[in-house]
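Student: Starting from these lines, generate the structure:
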Amino acid sequence: MVSQPTRKGKSVETLTNPPVEAWRKVLRVALGLMSDESLVALRKALVEDDERLIQGATTKPPPLACLSDLDCEGACLVGYAGMADGLETMGEVEEYSARMFYAIDNELGEPAGVRHLLNFWDETPRQELLSYMIPEVNMALDERRRLEGSSCERSA
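Tutor: Below you'll find the predicted structure:
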C-alpha cells in the first residue's frame, strides 16, 4: 500500500493490495493461537468435510448447563480445535471456545472482534466456506513449520 497525504496532513492508503477481510484477519489470529495438533486435525476435518465441524452453533449439543457432561458431538471451527486437543464433553469444549474467543478479542484489541469470523463461519455456504478455510489453514501450517521448525504434518 502507498500512503498519500490528505488535506489535513493525515495519510490515506491507496489500494495497491486490497485490505484483508475482517473474518480472515480474525481467522489468522485464531489459527495462531491453536496447537499444532489442532491445526493438523482442523485441516483434515476441512478437507474431508467432517460432519463434526458444525455451522450455526458453537457446540453440539447446545451449551446448556444440563448437557455440559454429555459428549461433544461437534463444534465450530474454534471448538473443534479443543476437541482435537482431547476435550470430550460439551462443557469442556464450550469453556475452551469461550477462552479462545476472549484471547482472540484481546489479540485483536477489539471487543467482540471474533464475531467477524463467527458470522462468516455460520453464514457462508459450506462448500464455499471450505474453499476459503483450507488454504488459510495450509498457510498457517506452512508458516508455523517455517518459523518454528514445527513437527506439523500437512497430510492430504
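
Student: Nearest spatial neighbour of residue 100, chain-adjacent residues omitted?
Tutor: residue 78 (4.9 Å; C-beta to C-beta, 6 or more residues apart in numbering). C-beta: built from backbone N, CA, C; applies to glycine.

Student: Pull out the buried residues from the host helix or strand of the one you found.
Tutor: Using DSSP states H and E, residue 78 sits within helix 77-84. Within helix 77-84, the residues that count as buried by 16 or more other C-beta atoms under 10 Å are 77, 78, 79, 80, 81, 82, 83, 84.

Student: same check, this time on stretch 21-35
Tutor: Result for stretch 21-35 [16+ other C-beta under 10 Å]: buried residues 22, 23, 24, 25, 26, 27, 28, 29, 30, 31, 34.

Student: cool, and stretch 109-119?
Tutor: In stretch 109-119, counting by 16+ other C-beta under 10 Å, buried: 113, 114, 116, 117, 118.

Student: who's in contact with stretch 100-114?
Tutor: 25, 26, 29, 30, 32, 33, 78, 81, 82, 117 (C-beta atoms under 8 Å, 6 or more residues apart in numbering).

Student: Against which helices or strands is the strand or helix carrying residue 122 packed?
Tutor: Using DSSP H and E, residue 122 maps to helix 115-123. Packing contacts for helix 115-123, counted by 3 or more C-beta pairs under 8 Å, 6 or more residues apart in numbering; DSSP states H and E, involve helix 22-33.

Student: And the average pLDDT for the helix or strand that the helix it packs on is followed by is what?
Tutor: Later in the chain than helix 22-33, the nearest helix or strand by DSSP H and E is helix 36-47. Mean pLDDT, helix 36-47: 97.

Student: wait, what's in contact with residue 78?
Tutor: 30, 58, 96, 97, 100, 101, 104, 114.

Student: What of residue 116?
Tutor: 22, 23, 25, 26.

Student: Report the two of those residues separated the most.
Tutor: 23 and 25 (7.3 Å; C-beta to C-beta).

Student: how about residue 54, phi and psi?
Tutor: Main-chain torsions, residue 54, degrees, to the nearest 10: phi -100, psi 160.
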